[in-house]
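> sequence? don't have it. structure:
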């Protein structure tokens, strides 16, 4: 019975946890545009990956001086000789005995097993220096600067994408509302037509037309709603929310207008373009690499090395070297000090791989300079295009403001007629639908203006309005 109660309690606990998890998944998250941007900056997986890349480049730049660190190595070795090798002293003694007609043969074997073993310690310090190392340090610094530009680009692109999708979702929501309103009007017309047909007021063909219109409108509305849900999933993924989270957008689109002139913008902010800065940094990095390669080719490398190699040759045998630690006669130093200048002559030959690599550097440098010129020209095209879009969208917004006013006036008239009983409900709904369409058209032009302004600010890497490129009224 006790086990049954425990199992039942565990089942209730798991069920409660599952219910809570489902509740969390279906809970609606309300976001303003600023909250969405802030959430994306904190939770975007792409930005987190870029943070790691930036930290790696920063660390490499901070410790780039480590190319000057010496190489220090300590080893201890015990070795066993397979065969006896006479030493220099043995050879000299044998030769001298021959001169004295008292020939002493060279030793050919070990007296005991321990004689075959040798204990050797080794501590070595090596320090290399080349003028090319300075180029490697500069290259690490340039790589860090390039990664900072990439990180900033990613930040700005994420913010722009979040804002654009936020506004686009607003448009889709408003459009879906109008489509649903149109669908409801079509349904009401169909119901009214059925009643009129039964009363003999209209022919059957008129009834069929209203039914066809209603049935044709339903798939369009369902498709628009499905597309909107998919866009919300994309938005959730973009800002780092779990896919499937129900999101409610808070705010409305209101652009902040600016006076923009292409030539003035390019003159003031043309050199701030992050894409141009990134390419200029790449050019700088290639020049540094070419300089380092030339230095390694035409200047020698200096190597300073010192080794301390204690060898035990005491009478106690190699296995008892610790007994002779205090006896200077049992140990000798086989180490040395060396200073070396190394110069690779082969790398100086014009057809060597080193000189071919230098030619590749120069050709890649020429290609990047061409790309830089193209990028600057493309910048002019993009700025001019954005300015034209801003001016056109602003004009369209002003024109459509008059359309909204006329539609509003027509709706107000229909509403008064309906209230006085001289206009049917469906006529009022048609007038309301026309008003919504006019408002949606104006809203779409506002989105076009904001989108073009964001593109312009991204291209020039500048904020052209006092508090961002748009305001959201909550």
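Looks like it arrived, so ask away. Keep in mind that this is a model prediction, so the values were computed, not measured.

> how deep is residue 48 tucked in, by neighbour count?
The local packing of residue 48 (other CB atoms under 10 Å) involves 11 other residues. Any C-beta I mention is one placed from the backbone N, CA and C, and that applies to glycine too.

> Now do the phi/psi pair for residue 340.
Main-chain torsions, residue 340, degrees, to the nearest 10: phi -130, psi 140.

> Let me know the pLDDT of it.
Here, the pLDDT recorded for residue 340 equals 88.

> List the residues that contact it.
302, 303, 304, 305 (CB atoms under 8 Å, 6 or more residues apart in numbering).

> By neighbour count, which of those wins?
Neighbour tally across the contacts of residue 340 (other CB under 10 Å): the maximum, 17 neighbours, falls on residue 305.

> which residues does it contact?
By CB under 8 Å, 6+ apart, the contact set of residue 305 is 124, 125, 126, 127, 337, 338, 340.

> what secondary structure does the fifth one sit in?
Spelled out, that is residue 337. What DSSP: H, G, I helix; E, B strand; the rest coil gives for residue 337 is strand.

> Run a quick neighbour tally on it.
Residue 337 sits with 10 neighbouring residues when counted by other CB under 10 Å.

> so what's the nearest residue to it once chain neighbours are set aside bridging to?
Of all residues not flanking residue 337 in the chain, residue 306 sits nearest, at 4.8 Å (CB to CB, 6 or more residues apart in numbering). Here residue 306 sits in beta bridges with residue 125, residue 337, as judged by DSSP bridges.

> Residue 432 contacts residue 182, doesn't it?
No. Using CB atoms under 8 Å, residue 432 is not in contact with residue 182, being 10.5 Å away.

> what about the residue nearest to residue 337, distance to residue 341?
Noted for residue 306: a distance of 16 Å to residue 341, by CB to CB, to the nearest Å.

> Count the residues that sit near residue 31.
Here the count is done by other CB under 10 Å, and residue 31 has 20 residues near it.

> ok, now residue 251?
Counted with other CB under 10 Å, residues neighbouring residue 251 total 19.

> Doesn't it belong to a strand?
No. Under the criterion used here (three-state DSSP), residue 251 is coil, not part of a strand.

> picking up where we left off before, would you turn the contacts of residue 340 into TSV with secondary structure?
Listed next are the contacts of residue 340 as TSV, based on three-state DSSP:
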residue	secondary structure
302	strand
303	strand
304	strand
305	strand
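
> just those now: which is nearest residue 350?
Proximity of the contacts of residue 340 to residue 350 (CB to CB) peaks at residue 302, which lies at 25.7 Å.

> Would you check that the closest one makes contact with residue 129?
Yes. Here residue 302 lies in contact with residue 129, judged by CB under 8 Å, at a distance of 4.5 Å.

> Now for residue 248: which residues touch it?
Remark: with contacts taken as CB under 8 Å, 6+ apart, residue 248 is in contact with 28, 29, 30, 31.

> Those residues in strands, which ones?
For those, the ones inside strands are 28, 29, 30, 31, with DSSP state E as the criterion.

> Now render these as TSV, adding distance to residue 168.
Formatted as TSV, the ones in strands among the contacts of residue 248 follow (distance: CB to CB, whole Å):
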residue	distance to residue 168
28	20
29	18
30	18
31	14
